Structures are given as C-alpha cells and as structure tokens.
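In: no sequence for this one, just the structure:
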C-alpha cells in the first residue's frame, strides 16, 4: 500500500523543504521506494536542497498537461537509488493546478512508489489546498515560535475541512515535527518546550529536530543533513524516517550539551 | 528590579498563554466549512434572474449570536 504524505507548515521559512528532502532521503535509505514532489509551483527549491537542480528538464505541470511523460520528468537521486524527485514548474504560477490532473498524477505515482512525499507551498492559499487534497497523511513542520505555531494551526484547520479524506468523513493522519529546537533556550524557559507545543496543537509528535548549523552547510552542498551521521539534526531526521517506515523508535528530546572544563572556560569568555 | 520580590515570568510561558488565546479565537474563525458550497448555491439561484460578478459571505459573531452577511455584486 502506498502512502501520500503532504509536508505542510502554514508560515514559510520554518524548514519545510529541508524536512521534505531529509525525510524522503531517509525513507529511501530505509530501502523503500520513495518520490519527493515539489508542489511549490513558481518557487522551486527542493531541487537545490537535494542537489539536483542541474538535472531538471521537465516538471510536474508538463507531466500533468501531457507535454512530457512521467519517466522523462522523474529524476533519480545521485545519492540513493531508491529516491526519485519530481520538480515544480518554475515559470508557471499556482493557478495552473487542477484537482483532476493532480489526482491522476498522484495515482500514477502511487503505482510506482511506496511513499509519495509532497512539499507544500507556504501559506494556506490554493496551492496549499491542492497539495493536501489527496493526501493520506500530513506532516506539520513548526518552529518553537509563536507565529509559526499559530499559522500551523490554521493550516491544520484547512487540512481537516478541505482534504478529500475529510470531506468523505474520514480524517487525515497528522504528525508534528518541531524543527530548530534549542534545548539551551528551552532549559532557560526562553523557548516553548515540546510538551507545551503539543498541548497547544494536539497533534501526534513525529520528532524533534534540534537547531543545527550543519543544516545550512548541507544545503550549500546540496547534500541533505541526514547523510551526516554525526549531526544531531541528521540523526533526528533518520529517527523520523524510521518511524514513518513503521519502526518503533522512541522520541528523543534534544538535550543540553554538557560542557567540559575547556568548554566552560570558553563560555566564560564568549 | 521586580525580580527581587517575585519570580519574573519567563517568556516561554508568556508565549504559551498568548498562543492559547490567539488560537482559540482563530478556531472560532471567520468561516464555516460550508462557505464555498453556500457561495456556489447562491450564485446558482441568482443567476436565474441576473448574472453575478462577485459574492462575499462573512461570518459575524456578536455575543452568543452567529450570523452571516451576504453581499452579491450583479453584472
């Protein structure tokens, strides 16, 4: 059984595309056939994070309009043979999306892949609604910060009222990723703790990704951070991918790093 | 200086309180889930008599009373 999962956020800039890339690659690393689809028509970005921007020839809209075949448009990842990528159109705008064509495209992808991951555009406009329309599940990415949490609640509201599953009386599964979590700030009570965010949003927790400088370094290179086994964010994404693949992996709350004597001295002078 | 007398409220708990209130009022919302269908139905009815160029439906809440206001722009 294949699963269509939309990655949503409400507000932009919270790490939604980075999460999509890492989750997709993580699922592929767990030996599952996976495709990541960039639904952010007009603002494609997932190609950069995956390091595949030079391979893009055809895009999703051209496939939907029968100007290209799915095989022509799908790009196989350089780093993992189980991962494919379907790019967004850079020239057209979101109004080109049409429900019937999206359903057809997703049907084709379901036949070929066990996991179909959709990177939704930011905001809650029509592009977002089209991304969630046929999803079986949604991953909500938030930062521990008021505007991100508030906007994600609105996005969840639309998910619960406008997705096909919801309209048919069912419910889309929802999972939360708390991204850019800073345990030092949480300890000082200067940042919302994960349990506070869960209490406010009432969504199941899929994972907590700590703030990690390596994420920008990874996107500079087009190599998702999950490939870096030493990185805390990379390890967190791997646990998330394993959970999505059905493995029972306990949730880990990022901890404050204990500093040794040298670190403490450094801290005193910084 | 007030922190001398009592524990100053940390910003995380301020954030939590503010978010709870903001989200509660967001969820009460400016919309019913059936708004789009209602719009379509109203356009269908009015179209029998005159063309419709724009339609605006708003939810308004005043105390315990919920109401909707409908504004139809004709062609």
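Out: On my side now, so go ahead. Everything numeric here is computed off the predicted structure, so don't read it as measured data. Numbers count the residues shown, from 1 in each chain, chains lettered A, B, ... in the order given.
In: how many neighbours does the closest residue to residue A:65 other than its chain neighbours have?
Out: Leaving aside its sequence neighbours, residue A:65 sits nearest to residue A:101 (Cβ to Cβ, 6 or more residues apart in numbering or on different chains; 7.7 Å). Bear in mind the C-beta positions are built from the backbone N, C-alpha and C, glycine included. Residue A:101 is flanked by 17 other residues according to other Cβ atoms under 10 Å in any protein chain shown.
In: Residue A:150 now?
Out: Per other Cβ under 10 Å, the neighbour tally for residue A:150 reads 19.
In: for the one 3 residues further on, same thing?
Out: By the measure other Cβ under 10 Å, the count of residues near residue A:153 is 22.
In: One more: the one 5 residues further on?
Out: For residue A:158, the count of nearby residues is 19 (other Cβ under 10 Å).
In: quick one: secondary structure of it?
Out: helix (DSSP: H, G, I helix; E, B strand; the rest coil).
In: Now do the contacts for it.
Out: Counting by Cβ atoms under 8 Å, 6 or more residues apart in numbering or on different chains, residue A:158 touches A:124, A:128-129, A:132.
In: which one of those residues is nearest chain B?
Out: Lowest distance from chain B to those (Cβ to the nearest Cβ) belongs to residue A:129, with 10.4 Å.
In: Surely the closest one and residue A:159 touch.
Out: No - Residue A:129 is beyond contact range of residue A:159, at 9.2 Å (criterion: Cβ atoms under 8 Å).
In: How far does stretch A:52-67 stretch from one end to the other?
Out: Across stretch A:52-67, the terminal residues are separated by 21 Å (Cα to Cα, to the nearest Å).
In: Quick one: name the residues of chain B near chain A.
Out: B:10-13, B:15-16, B:18-20, B:22-23, B:26-27, B:29, B:33 (Cβ under 8 Å from any Cβ of the partner chain).
In: Quick one: mark the members of the residues you listed that sit in strands.
Out: Residues of those located in strands (DSSP state E): none.
In: thinking again about what came up before, so residue A:129 and residue A:159 - more neighbours on which side?
Out: Ranked by neighbour count (other Cβ under 10 Å), residue A:129 and residue A:159 place residue A:159 first, with 26 against 17.
In: Surely residue A:141 forms part of a strand?
Out: Yes - looking at residue A:141 with three-state DSSP, it is inside a strand.
In: That one touches residue A:179, doesn't it?
Out: Yes - the criterion here is Cβ under 8 Å, and residue A:141 meets it with residue A:179 at 5.5 Å.
In: Now do the shared contacts for these two.
Out: Common neighbours of residue A:141 and residue A:179, using Cβ under 8 Å, 6+ apart, are A:14-15, A:19.
In: ok, those vs chain B, which is closest?
Out: Ranked by distance to chain B (Cβ to the nearest Cβ), the shared contacts of residue A:141 and residue A:179 are led by residue A:14 at 15.3 Å.
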